[in-house]
Every structure is written in structure tokens, then in C-alpha cells.
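K.L.:
Kindly generate the corresponding structure for this input.
(2 chains)
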Amino acid sequence: NAGVTQTPKFRVLKTGQSMTLLCAQDMNHEYMYWYRQDPGMGLRLIHYSVGEGTTAKGEVPDGYNVSRLKKQNFLLGLESAAPSQTSVYFCASNVNGGNQPQHFGDGTRLSIL
Amino acid sequence: GESVGLHLPTLSVQEGDNSIINCAYSNSASDYFIWYKQESGKGPQFIIDIRSNMDKRQGQRVTVLLNKTVKHLSLQIAATQPGDSAVYFCAENSGYNKLIFGAGTRLAVHP
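P.N.:
The predicted structure follows:
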């Protein structure tokens, strides 16, 4: 049981480049989330999804887009990367949102030069 | 990763002692609280949760206490071990299926 799997684990981009981060979960969870984590700060929610085909904005959505075409996958896209998007990105999922633990992947460390 | 813990408050304890990590939350309407442990290079790992209709909940070597009057949450770890060294985060569900995370506390366990 892999849980939540994120790819890639590391990536270096140049300013203006685009890329997509992939999150896959094998727990049949309805809800999925993308967070970013910066030094000395807690996790901040970028976007989330309450089910296949749905997406919603979180606390810091600007500069990111997401898609949930399949229930098990949640993609995070950066259309034109900026140095301010250098961060560690975490994906999480849970059964039905609300008062349930979220299960996290091990993150993608992204550096924008 | 390794850079996550920079500038975080640190709690240093001796191996075998009990640890208490504190957290103040912001929203008096929050009805669910959760503690996570994050080791270097890993994602947050669920430890224990508690709903607002409870004051205390115990797990294996861990206890969470909730004081709604002063909006305070604490995590107690009994007989702290070197493997407990990590950054600990509290989070609250203030509604809309979203968790709000605290900045974290680093726990350093010394032999």
C-alpha cells in the first residue's frame, strides 16, 4: 500500500519555465490537497479538490493551477515559474474532508533559479 | 526537508523524560484538531487527533489535551525516545474542510 506518492522528488527550474507535479493516492480518498511549506512556516494550502472533476482555491492559489481528471490523481501546475515559488510541495488526501486526518506524501523539493 | 526547521522554537529534552509541546489556535469555532510529526525529508505523519467535544485523548505514548477556554492544545509524549526527534505541527479545522497549520516546534531528544 503506497499511500500518497509524489513525483518528482526534486526539480530545478529556470524562471519562466513550466512544470507539473503529480500526486497519486491509492486509498480511494475523495479529497485531495496541495500545500507548500517554506522555512519556519507551517503548511499553506494552495488548492484542493473534493472529488473527481472538482477543484477549489486555498490560501495561496496565485501562480498555480490544478486538475483532478481521475479520482486517484491530483496535478499541480506552474505555468511560469517564479523564484518566490521555490518551496517544498506536499500533497495530501483524506476520505471526505472535514474531521478526518489527512495523509501526506513525502514532498517535492522545487527550486526556481 | 532539512530547511523546514529553521527558526522554529525548539524543545530540548533528555531521553526518557516526558515532553510537552504546546500550540495556540486561532478560531474558537474550530471543531477538530490534529497533531503531525515531520522528520527531515519526509512528509507530515499523523500522530493523534481530537474533536472539540473532548478535553483529552490518549494514544500510544501520546496524549493530546484541549483547552477551549484559552484556545490551547498540547501534545504530551511519554518516555521520549531519540526517534521522537522531529518537528511537530498542530492544525485546526476551522471549517470548509480545510486545516490551518501552526508553524511547528522542533523536538530535540538528547541521550
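
K.L.:
Residue B:38 contacts residue B:87, doesn't it?
P.N.:
Yes. Using CB atoms under 8 Å, residue B:38 makes contact with residue B:87 at a distance of 4.7 Å. Yep, even glycine has a C-beta here, placed from its N, CA and C like the rest.

K.L.:
For residue 56, which residues count as its bridge partners?
P.N.:
Looking at chain A here, since you left the chain open. Here residue A:56 sits in beta bridges with residue A:48, going by DSSP bridges.

K.L.:
The intended chain is chain B.
P.N.:
residue B:65.

K.L.:
ok, it - how many residues close by?
P.N.:
11 (other CB atoms under 10 Å in any protein chain shown).

K.L.:
for it, what are its contacts?
P.N.:
By CB atoms under 8 Å, 6 or more residues apart in numbering or on different chains, the contact list for residue B:56 reads B:50, B:63-66.

K.L.:
how many other residues sit next to the closest residue to residue B:101 other than its chain neighbours?
P.N.:
Excluding the flanking residues, the one nearest residue B:101 by CB to CB, 6 or more residues apart in numbering or on different chains is residue A:42, at 3.4 Å. Neighbour count for residue A:42, taken as other CB under 10 Å: 21.

K.L.:
How about the contacts made by residue A:42?
P.N.:
B:89, B:91, B:100-104.

K.L.:
out of these, what pair is the most spread apart?
P.N.:
B:100 and B:104 (13.0 Å; CB to CB).

K.L.:
Show me which of these two is the more surrounded one.
P.N.:
Neighbours were counted for residue B:100 and for residue B:104 using other CB under 10 Å; residue B:104 has more, 25 against 19.

K.L.:
who's in contact with the helix or strand of chain B with the lowest mean pLDDT?
P.N.:
Within chain B, no helix or strand scores below strand B:99-101, which has a mean of 89 by mean pLDDT, DSSP states H and E. Residues outside strand B:99-101 that contact it (CB under 8 Å, 6+ apart): A:42-45, A:102, B:25-27, B:30, B:34, B:89-94.

K.L.:
go again using 6 Å as the cut-off
P.N.:
Identification of contacts with strand B:99-101 by CB atoms under 6 Å, 6 or more residues apart in numbering or on different chains yields A:42-43, B:89, B:91-94.
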